[in-house]
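Participant: just to be clear, the model below is a prediction. Sequence and coordinates:
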Amino acid sequence: MSAVEASARIALRATGALSTRAAGALAYLLFRRPFVRGRVRPGEHSAHMFAITETMYVGGKRVVTYRWGDGAEPVLLLHGWRSRASRFAPLVEELRARGLTPIAFDAPGHGDSGGTSTTVLEYAEIALRLQERHGDFRAVLGHSFGVLGAFQALRSGLRADRVVAVAGVCDMEYLLDRFSAELDLDPRVKARLREQADTRLLAPESAIWQRFSAPYGAGPARVPILVVHDEDDTMAVADQGYRLAAAYPDQARLYVTRGLGHNRVLGDAAVLAEVLRFLDAPRRERATECV
């Protein structure tokens with residue numbers, strides 16, 4: 001646990017001792033904040049520096065977007081929580097070699113973008129606005145929390161020929177449970193947090209824990225899906241990948257790895273090869289499981 005998270009736990013305990021309602025409101029604010037911003041790593045500097053950057057504003061927050069290439073055959077990349085677009089550097093190089101144009105962004109509160117918090121709704125809005133700029137996507141690839149953002153965008157009108165979910169979160173409820181466990185939330189505070197999210201994220205509607213989960217609704221109809229997940233992922237446990245693949249039995253192919261965890265799976269050479277093979281394959285490829 002980071003120093004920031006430890007401080008958040010102490011603050012929640014102190015607030016909860018005075019008011020469960022106030023602690024729930026504080027927990028909701030923290031639930032939307034990544035706590036730390038990912039920095040550009042040494043191996044990512046080249047991709048980061050040579051990207052064509054633009055900005056847009058979502059909810060009053062400045063969002064930095066990235067493009068590598070001339071815009072032909074765009075592929076949308078959605079990073080995970082506490083991450084940033086530069087994490088896709090290994091994939092960016094491979095996509096460019098194939099004549100594809102990677103498109104990405106730093107979500108609010110992440111990377112070089114403004115703000116201190118974000119939601120799956122903002123991910124979806126940014127993706128749709130990038131579609132307005134660049135046209136329909138050859139593929140959309142999400143990592144971790146970015147998978148929820150990708151599926152929300154697809155439900156909201158994003159068009160893509162293929163979908164790749166790497167180390168993805170399938171169920172929004174999983175995020176609530178994990179957050180509550182990490183900060184050791186009192187069950188009453190967790191309930192208040194749920195109420196806050198129900199009221200403020202999608203008011204006046206509710207059931208956001210189902211609505212924002214990847215299998216909700218029609219989803220990416222008739223679009224091939226590659227689900228990549230590592231058995232040793234401790235951030236988004238492997239069951240999340242299995243559940244996502246099972247939700248789309250006629251479309252999804254599950255590729256399981258071992259020993260890579262949550263982050264290294266994104267840059268692994270074998271995983272990159274599998275993703276590229278999937279992008280190159282005919283659309284009629286049937287769903288199977290690979291190990």
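Facilitator: Looks like it arrived, so ask away.

Participant: which stretches of the stretch 101-250 of the chain have low pLDDT?
Facilitator: Residues of the stretch 101-250 of the chain meeting the criterion pLDDT under 70: 202-208, 218-219.

Participant: so where do the strands sit in it?
Facilitator: Using DSSP state E, counting those that start in this stretch, the strands of the stretch 101-250 of the chain run over 101-105, 139-143, 163-166, 225-230.

Participant: could I get those as a markdown table with distance to Ala22 and mean neighbour count?
Facilitator: Backbone N, C-alpha and C define where each C-beta goes, glycine included. What follows is these, written out as a markdown table (distance: least, C-beta to C-beta, whole Å; neighbours: other C-beta atoms under 10 Å):
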| stretch | distance to Ala22 | mean neighbour count |
| --- | --- | --- |
| strand 101-105 | 34 | 26 |
| strand 139-143 | 34 | 28 |
| strand 163-166 | 37 | 28 |
| strand 225-230 | 38 | 27 |
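
Participant: quick one: which of those is nearest Leu201?
Facilitator: Among the strands of the stretch 101-250 of the chain, the nearest to Leu201 by C-beta to C-beta is strand 139-143 (19.2 Å).

Participant: nearest to Trp81, of the strands of the stretch 101-250 of the chain?
Facilitator: strand 139-143 (9.6 Å).

Participant: strand partners (parallel or antiparallel) of the closest one?
Facilitator: Applying DSSP bridges to the sheet, strand 139-143 is found paired with strand 74-78 (parallel), strand 163-166 (parallel).

Participant: nearest to Asp106, out of the ones you listed?
Facilitator: Closest among the strands paired with strand 139-143, using C-beta to C-beta: strand 74-78, at 10.7 Å.

Participant: tell me how many other residues crowd Arg39.
Facilitator: Using other C-beta atoms under 10 Å, Arg39 is surrounded by 10 other residues.

Participant: let me know the secondary structure of it.
Facilitator: Following DSSP: H, G, I helix; E, B strand; the rest coil, we place Arg39 in the coil state.

Participant: any idea how far it is from Asn263?
Facilitator: Relative to Asn263, Arg39 is positioned 14 Å away (C-beta to C-beta, to the nearest Å).

Participant: gap between the two ends of stretch 66-78?
Facilitator: Its first and final residues considered, stretch 66-78 spans 11 Å by C-alpha to C-alpha, to the nearest Å.

Participant: report the buried residues of it.
Facilitator: Neighbour counts over stretch 66-78 (16 or more other C-beta atoms under 10 Å) mark 66-69, 73-78 as buried.

Participant: ok, back up a step: now render the strands of the stretch 101-250 of the chain as JSON lines, adding distance to Ala269.
Facilitator: Listed next are those as JSON lines, based on distance: least, C-beta to C-beta, whole Å:
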{"stretch": "strand 101-105", "distance to Ala269": "18"}
{"stretch": "strand 139-143", "distance to Ala269": "16"}
{"stretch": "strand 163-166", "distance to Ala269": "14"}
{"stretch": "strand 225-230", "distance to Ala269": "13"}
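
Participant: of all these, which lies closest to Thr199?
Facilitator: With C-beta to C-beta as the criterion, Thr199 lies closest to strand 139-143 of those, at 26.9 Å.

Participant: tell me what angle the closest one forms with strand 225-230.
Facilitator: Interaxial angle of strand 139-143 relative to strand 225-230 (axes from the mean of the first three to the mean of the last three C-alpha atoms, to 10 degrees): 20 degrees.

Participant: what is the burial count for the closest residue to Pro224 other than its chain neighbours?
Facilitator: Among residues not flanking Pro224 along the chain, Arg162 sits closest, at 5.3 Å (C-beta to C-beta, 6 or more residues apart in numbering). By the criterion of other C-beta under 10 Å, Arg162 has 22 neighbours.
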